[in-house]
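> no FASTA, just this:
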Ligand code: HPA
Ligand code: ZN
């Protein structure tokens with residue numbers, strides 16, 4: 001029996017396995033620019049967050065209908081359940097779909113067809129967190145929150161993801177205020193590639209109750225003391241950090257030091273279809289499948 005787990009940092013679009021991507025492409029009459037699943041997997045060699053995001057957004061082209069979003073979420077929930085996940089708080093990136101002409105209704109209704117019966121079908125309770133793309137404008141984030149209003153009964157909170165450096169949390173002050181006024185919970189990616197100051201801004205300007213990644217807090221001892229004192233959870237994703245070259249090897253990851261410092265860290269997968277270390281070796285550490 002696998003250890004029971006909670007998954008608190010998971011991008012549903014990052015669970016799109018190559019086999020499903022090709023299946024959805026065929027169903028939607030699309031041709032992908034890779035000859036097959038092995039060729040696609042070969043492309044999963046990332047230099048940094050941006051090189052991953054380029055592929056992550058490109059492959060989303062196959063997600064077009066409610067059924068596609070349902071199939072994506074249902075496949076993830078089945079795999080998660082098999083690995084012992086009992087609760088999953090799931091990010092989605094509506095702006096990446098709206099920009100391709102896929103409506104908010106299609107995305108949320110499709111995801112909900114899987115999430116709404118996840119407890120009964122997979123024994124996994126779920127929450128849905130809508131992320132704003134931080135490399136898009138603040139006005140676009142506000143418009144996205146507006147577009148989500150008919151769906152807020154199914155959306156627990158808001159988050160902030162995509163390319164971090166140069167897009168500080170303070171850019172999204174207004175939309176986080178609006179989200180709070182609507183009763184939404186608030187989290188944000190901060191301190192993945194961006195500096196420790198972004199973690200402080202996420203707390204002080206956006207009012208987040210949990211920080212996604214938060215890794216670079218280790219560079220600022222006063223910030224570490226604050227995170228410990230205020231018991232702010234950090235959703236750490238060690239395998240993602242290795243694959244996106246935030247750290248060189250798993251052995252270099254600061255998670256053990258973070259736990260020793262008293263930080264409230266949880267371990268999460270981020271984008272498992274792209275970032276799990278399937279017998280892939282970096283530096284001194286070879287990792288087996290997860
Ligand atoms: N970081 C930032 N944005 C993302 C990620 C991530 O790891 N995955 C999907 N969007
Ligand atoms: Zn993430």
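Arrived safely, thanks for sending. Model, not experiment: these values are computed from the prediction. Residues are numbered from 1 along each chain as shown. Ligands and ions are numbered 1, 2, ... in the order given.
> need the pLDDT of the closest residue to ligand 1 within the chain.
Ligand 1 sits closest to residue 161 of the chain, with a gap of 3.5 Å, by Cβ to the nearest ligand atom. All C-beta spots, glycine's among them, are computed from the backbone N, C-alpha and C. Predicted confidence (pLDDT) for residue 161: 98.
> get me the contact residues on the chain for ligand 1.
Neighbours of ligand 1 within the chain, by Cβ under 6 Å from any ligand atom: 11, 14, 49, 56, 161, 162, 189, 192, 240, 270, 271.
> what does stretch 1-13 rub up against?
56, 60, 63, 72-73, 76, 80, 82-93, 96, 111, 131, 161, 210, 212-213, 233, 235-237, 266, 268-272 (Cβ atoms under 8 Å, 6 or more residues apart in numbering).
> how about it: buried residues?
For stretch 1-13, burial by neighbour count (16 or more other Cβ atoms under 10 Å) applies to 5, 7, 8, 9, 10, 11, 12, 13.
> swap in stretch 103-115?
Buried, per 16+ other Cβ under 10 Å, within stretch 103-115: 104, 106, 107, 108, 109, 110, 111, 112, 113, 114, 115.
> also stretch 43-61?
Across stretch 43-61, burial judged by 16+ other Cβ under 10 Å covers 43, 44, 46, 49, 52, 53, 56, 57, 59, 60, 61.
> out of the residues you listed, which are inside helices?
49, 52, 53, 56, 57, 59 (DSSP state H).
> of the residues you listed, closest to residue 227?
residue 49 (21.9 Å; Cβ to Cβ).
> list the contacts for the closest one?
163, 164, 192, 193, 244, 246.
> this structure: strands as residue ranges?
With DSSP state E as the definition, the chain shows strands at residue ranges 5-11, 85-92, 125-133, 157-161, 185-190, 210-213, 233-236, 264-267, 281-282, 285-286.
> in helices, which of the buried residues of stretch 103-115 appear?
104, 106, 107, 108, 109, 110, 111, 112, 113, 114, 115.
> and those, which two are furthest apart?
Greatest spatial distance among those (Cβ to Cβ): 104 and 114, at 16.7 Å.
> and residue 14, what does it touch?
56, 270, 271, 272, 273, 274, 275 are the contacts of residue 14 under Cβ under 8 Å, 6+ apart.
> and residue 91, how close does it get to residue 30?
The gap separating residue 91 from residue 30 is 24 Å, by Cβ to Cβ, to the nearest Å.
> same check, this time on residue 47
From residue 47 to residue 30 the distance is 27 Å (Cβ to Cβ).
> ok, residue 158 next?
Counting by Cβ to Cβ, the gap from residue 158 to residue 30 is 30 Å.
> what of residue 22?
From residue 22 to residue 30 the distance is 10 Å (Cβ to Cβ).
> if we can go back for a sec, higher neighbour count, residue 91 and residue 30?
Set side by side, residue 91 and residue 30 show more neighbours around residue 91, with 25 against 13, by other Cβ atoms under 10 Å.
> the more buried one against residue 158, yeah?
No: counting by Cβ atoms under 8 Å, residue 158 is not a contact partner of residue 91; they are 9.8 Å apart.
> mutual contacts of these two, please.
Taking Cβ under 8 Å, 6+ apart as the contact criterion, the common neighbours of residue 91 and residue 158 are 129, 130, 131.
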